[in-house]
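Asker: no sequence on this one, just coordinates:
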């Protein structure tokens, strides 16, 4: 499968400027799940900017 990094960048909301996984969704997801986190694109902008990628932060953000 060919990576569509340029297309993915249109939707990537990660604000962590030194992240080398921006636009590489499969690598980003694997990285965060391995750390028991979710990628920044799963969070509303104000929560994403806190860099708290925990499942707890996700639940609070979406009031689950």
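Answerer: That came through fine. Values in this document were obtained by computation on a predicted structure and should not be read as measured data.
Asker: immediately after the helix ranked longest in the chain, which helix or strand?
Answerer: As far as residue count goes, and with DSSP state H defining each element, the longest helix of the chain is helix 25-34. Towards the C-terminus, the helix or strand next in line after helix 25-34, according to DSSP states H and E, is helix 45-48.
Asker: so how far is that next one from its chain's centroid?
Answerer: Relative to the centre of its chain, helix 45-48 is centred 11 Å away, using Cα atoms, centre = their mean, to the nearest Å.
Asker: and that helix, what does it pack onto?
Answerer: Contact analysis of helix 45-48 by 3 or more Cβ pairs under 8 Å, 6 or more residues apart in numbering; DSSP states H and E lists helix 55-61 as its packing neighbours. To be clear about C-beta, it is placed using only N, CA and C from the backbone, and glycine gets the same treatment.
Asker: in the helix it packs on, what's buried?
Answerer: Judged by neighbour count (16 or more other Cβ atoms under 10 Å), helix 55-61 contains these buried residues: 57, 58, 61.
Asker: what sits up against the longest helix of the chain?
Answerer: 3, 8, 12, 14, 19, 21, 22, 38, 39, 41, 53 (Cβ atoms under 8 Å, 6 or more residues apart in numbering).
Asker: Buried only: go through the residues you listed for me.
Answerer: Neighbour-count burial within these applies to 8, 12, 14, 21, 22, 38, 39, 53; the criterion is 16+ other Cβ under 10 Å.
Asker: In helices only, show me those.
Answerer: residue 8.
Asker: any chance of the buried ones among the contacts of helix 25-34 in a markdown table, with distance to residue 29 too?
Answerer: As requested, these are exported to a markdown table (distance: Cβ to Cβ, whole Å):
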| residue | distance to residue 29 |
| --- | --- |
| 8 | 11 |
| 12 | 12 |
| 14 | 12 |
| 21 | 9 |
| 22 | 13 |
| 38 | 8 |
| 39 | 6 |
| 53 | 11 |
